[in-house]
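Novice: Sequence first, then the predicted structure:
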Amino acid sequence: MKKYRHIFFDLDGTLWDFQKNAEEALTELFSIHDLHVLGIESPSIFIDVYKKKNEVLWKKYRNGTVDKMKLRTQRFEHTLGHFGITNEELVFKLDRDYIKISPMKTNLIDYAVEILTYLNKKYTLHIITNGFQEVQFSKLLANHLLQYFKQVITSEKAGIQKPDKKIFEYSVSKARAEFDESIYIGDSWEVDIMGAKNAGMDQVYFNPEKKKNIIDATYEISSLRELEKLF
Ligand SMILES: [Mg+2]
């Protein structure tokens, strides 16, 4: 194996269990704001609709057709709209509470802390994450993860989103690293692996669901534990 010195991690879905944490936060919102009274049958129906609307808006945010504020409010506006609810005040409260509750959630991907402890002894670790500065740092703090990373690059601060190769170039330079001694670990084929590949950086595809892909990543794992064998 090539001699790596710097390991760059994705955060959501790779270390921080985005799926589980978002579901818990949305379930809390459902009960805090009595959404069943407004005719939404169950938290799971609310969550399903929210996920779809959120994903559409994140894609638009990535290609620059909506801004941060619009993304944040419209994901709830569109979710409520799906159920025929128009309520500006409720949209405001859902956004406010989601941003407050979700980053405090502490479900991590299995073996995240163990592997960071292990890798941190031999490599310099960094984060490159698509997300808002305040939100991503809250997650790292609430989960005591900040201590493992030298550089934490958020797309908001960098002004560039993955998969744009510029964010990888920016991050490698910020970390005072070189591409040929750096590797990127992420769970999204489209955003992480293609992004790093285009930037000329080796990649580890974290693929717990073992999805099929046409092109191979440099390495592929289905559990973080496997990193111990790789590094
Ligand atoms: Mg991810």
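Specialist: Cool, got the structure.
Novice: What residues does this structure have near the ion?
Specialist: Listed as neighbours of the ion in the chain under the rule Cβ under 5 Å from the ion: 10, 12-13, 187-188. C-beta coordinates here come from the backbone N, C-alpha and C atoms, glycine included.
Novice: Identify, from those, the entry nearest to the ion.
Specialist: Nearest to the ion among the residues of the chain next to the ion: Gly13, at 3.5 Å, using Cβ to the ion.
Novice: Would you map the strands across this protein?
Specialist: For the chain, the strands defined by DSSP state E cover 6-9, 124-129, 151-154, 182-186, 202-206, 219-221.
Novice: just these: most buried one?
Specialist: Ranked by mean neighbour count, the strands of the chain are led by strand 182-186 with a mean of 27 (mean count of other Cβ atoms under 10 Å).
Novice: Not counting its own residues, what contacts that one?
Specialist: Residues outside strand 182-186 that contact it (Cβ atoms under 8 Å, 6 or more residues apart in numbering) are 4-10, 13-14, 128, 162, 168, 172, 175, 192-193, 195-196, 201-206, 218, 227.
Novice: Name every strand pairing with that strand and say which way it goes.
Specialist: Strand 182-186 pairs in its sheet with strand 6-9 (parallel), strand 202-206 (parallel), by DSSP bridges.
Novice: What is the distance between the last one and the centre of its chain?
Specialist: For strand 202-206, the distance from its own C-alpha centre to the chain's C-alpha centre is 15 Å (Cα atoms, centre = their mean, to the nearest Å).
Novice: re the thing from before, just the buried ones out of the residues of the chain next to the ion, please.
Specialist: 10, 12-13, 187-188 (16 or more other Cβ atoms under 10 Å).
Novice: Turn these into CSV, columns for pLDDT.
Specialist: Shown next, in CSV, are those (pLDDT from 0 to 100):
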residue, pLDDT
Asp10, 98
Asp12, 97
Gly13, 97
Asp187, 97
Ser188, 95
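Novice: in this protein, which spans are helices?
Specialist: Counting by DSSP state H, the chain has these helices, from start to end: 18-32, 43-62, 68-82, 88-101, 112-120, 133-142, 155-158, 165-174, 194-199, 227-230.
Novice: Comparing the ones you listed, which comes out most buried?
Specialist: Most buried of the helices of the chain by mean neighbour count (mean count of other Cβ under 10 Å) is helix 194-199; its value is a mean of 21.
Novice: Need the buried ones among the residues of the chain next to the ion in JSON lines (columns: distance to Ser223).
Specialist: As requested, these are arranged in JSON lines below (distance: Cβ to Cβ, whole Å):
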{"residue": "Asp10", "distance to Ser223": "16"}
{"residue": "Asp12", "distance to Ser223": "18"}
{"residue": "Gly13", "distance to Ser223": "14"}
{"residue": "Asp187", "distance to Ser223": "12"}
{"residue": "Ser188", "distance to Ser223": "17"}
